[in-house]
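[1] Here is my input, please return the structure:
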Amino acid sequence: MNGRERIALATQHREPDRVPVMCQLSLGHYFLNAARSVPSHRIWFTSEGFAEALVKLQRRYRFDGILINIPGRPENILDDVASIEKAAEGERLAWRSGDVTLVPWDDSPHHFPVAQPERADFAALDPDRLDLLDDLPGYNWNIYHVPRVAGKDARGPLRDIPAYFFRTIDLVRREVGDTVSIHGEVFSPFTHFMELLGYEQALAALMEDAAKARALLDRLTEASVAWAVAQAKRGVDAVLISSAFAGGSFISPKMYREFVVPYERRVTDAVKAIGVSVYTHTCGKIGDRLELMIETGTQGIDTLDPPPLGNVELADAKRRIGNKLFIKGNMNSVALLAYQTKEQVIAEVSACIRIGKPGGGYILSSACSVSPRVEPWKLELLVPLAEEMGRYLEFDSE
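    From the prediction side, this is the model:
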């Protein structure tokens, strides 16, 4: 059984030959561990560089799946770079425009434009007259996160997906064929809302003018649906909804029901209509909203941070939602960084397999992204442990 088949069965609550393994790696982890063959700035700014890094580390760790969590890049984007210098803190790219991008050796890139744009103004925004999200003031995370899209859609936001957005998906699929599960990623409408306005202004807006907030979320959902559906049609095996700001550290269950559930439901409905799996990544404390997350129509939950970063115990989650949603995660990401011995890693992984395995529907994974400086030898233990401890009875005789 290959990784693609293994994860497909797990997402359907069926038992594969063993528990699948698939961790999301931080960009810094790619930079540190793929840089010998691919410079960090090429991993970030080129589809070819990112695809090579994705496949290289998937093969090293023998993961059953690959998450492509940034879209493809314009083919000649680096032609606009005037110089690239290596500094103590990382690679520094000077653009002909005067902008500067710092690509740290072990962290996400930071983009410094000549004129720092302000965040969008909630009071001034008209939900019925949004231009492309990429052109809204300050909507760039202080990071070159999504390539700019030429042209506008009068009804906005983003509808037509540029061809280069699919480049990384195509390159990875060409390299791994049908043996590895390939997952795309789309931001939740609520994530778009938070990044558009800035966190403080966005949270205040939910209380000051809930009707207008809902109207904005309604329009922002169009962008999430467009990119999610486009990836599903392109042939990814699953779409991950990145909903990082919908946990208990940001909003209450009541606000989650009002400002997250109906909009993510539109995304999940659209993806499932194409016959592709869809699941949700939410960081932090979600123990008080596991059942609410079911109402979004998602088919699985990724992360399930254990204490102290979150408040989800795997056994409790398995009992409450394990027969309705597949579960991916719960391996303590911070502890994984701190562990010094093989025995510590084995104990952490063994506990997750023992609890998550029964009945299927579990994918072994770090709770959130693998930290940049997690030593590769720790991740190289995961699949052997899954092969040893995570086999299902039907396949034990093989």
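[2] So, low pLDDT: which residues of the stretch 151-300 of the chain?
    Applying pLDDT under 70 to the stretch 151-300 of the chain flags the ranges 151-159.
[3] residue ranges for the strands of it, please.
    181-187, 238-242, 277-282, 300-303 (DSSP state E, counting those that start in this stretch).
[4] Mind putting the ones you listed into a markdown table with distance to Leu379 and mean neighbour count?
    From N, CA and C alone the C-beta is placed, and that goes for glycine too. Converted to a markdown table, those look like this (distance: least, CB to CB, whole Å; neighbours: other CB atoms under 10 Å):
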| stretch | distance to Leu379 | mean neighbour count |
| --- | --- | --- |
| strand 181-187 | 17 | 25 |
| strand 238-242 | 19 | 24 |
| strand 277-282 | 19 | 26 |
| strand 300-303 | 17 | 26 |
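[5] do you know which of the ones you listed lies nearest Val312?
    strand 300-303 (8.4 Å; CB to CB).
[6] name the helices or strands packed onto that closest one?
    strand 277-282, strand 326-329 (3 or more CB pairs under 8 Å, 6 or more residues apart in numbering; DSSP states H and E).
[7] Quick one: mean pLDDT over the following helix or strand past the shortest one.
    Toward the C-terminus, strand 326-329 is succeeded by helix 333-338 as the next helix or strand (DSSP states H and E). Along helix 333-338, the predicted confidence averages to a pLDDT of 95.
[8] Residues in contact with helix 333-338: which ones?
    With contacts defined as CB atoms under 8 Å, 6 or more residues apart in numbering, helix 333-338 is touched by 305, 309, 344-345, 348, 366-371, 373-374, 378.
[9] what about Gly287, how many residues close to it?
    19 (other CB atoms under 10 Å).
[10] residue contacts, it?
    Taking CB under 8 Å, 6+ apart as the test, what Gly287 contacts is 248, 310-312, 316.
[11] circling back to that earlier point, show the buried residues in the contacts of helix 333-338.
    Burial by neighbour count, judged by 16 or more other CB atoms under 10 Å, picks out 305, 309, 345, 348, 366-371, 374, 378 from those.
[12] and which of the residues you listed is nearest to Glu175?
    Once CB to CB is applied, the member of the buried ones among the contacts of helix 333-338 that ends up nearest Glu175 is Val370, at 21.1 Å.
[13] can you tell me how far that closest one sits from Ala244?
    16 Å (CB to CB, to the nearest Å).
[14] what's the answer for Ala232, then?
    According to CB to CB, Ala232 stands 21 Å off from Ala244.
[15] And those two? Which one has more around it.
    Ala232 (23 against 18).
[16] distance between the ends of stretch 80-99?
    10 Å (CA to CA, to the nearest Å).
[17] how about that stretch: buried residues?
    81, 90-93, 95, 99.
[18] So which of those residues are in strands?
    81, 90-93, 95 (DSSP state E).
[19] Report the lowest-confidence entry in the buried ones among the contacts of helix 333-338.
    Lowest pLDDT among these: Leu309, 89.
[20] wait, is that residue part of a helix?
    No - using DSSP: H, G, I helix; E, B strand; the rest coil, the assignment for Leu309 is coil, not a helix.
[21] Pull the contacting residues for it.
    With CB under 8 Å, 6+ apart, Leu309 has these contacts: 283-284, 333-334, 367-368.
[22] With distance to Thr179 as new columns, can these be given to me in a markdown table?
    Converted to a markdown table, those look like this (distance: CB to CB, whole Å):
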| residue | distance to Thr179 |
| --- | --- |
| Cys283 | 30 |
| Gly284 | 34 |
| Ser333 | 27 |
| Val334 | 32 |
| Ala367 | 26 |
| Cys368 | 26 |
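[23] of these, closest to Leu9?
    Nearest member of those to Leu9, counting by CB to CB, is Ala367, at 22.4 Å.
[24] bridging residues for Arg18?
    Beta-bridge partners for Arg18, by DSSP bridges, are Arg391.
[25] Would you mind measuring from it to Ile241?
    Counting by CB to CB, the gap from Arg18 to Ile241 is 27 Å.
[26] got it, and Thr282?
    From Thr282 across to Ile241, the span is 9 Å (CB to CB).
[27] Quick check: neighbours shared by these two?
    By CB under 8 Å, 6+ apart, no residue touches both Thr282 and Ile241.
[28] thinking Val172 is in contact with Leu67, fair?
    No - checked against CB atoms under 8 Å, the pair Val172 and Leu67 is beyond contact range at 10.3 Å.
[29] Between the two, point out the one with more neighbours.
    More neighbours surround Leu67 than the other of Val172 and Leu67, with 25 against 21 (other CB under 10 Å).
[30] shouldn't Glu387 be in contact with Arg18?
    Yes - contact status for Glu387 versus Arg18: in contact at 5.8 Å, counting by CB under 8 Å.
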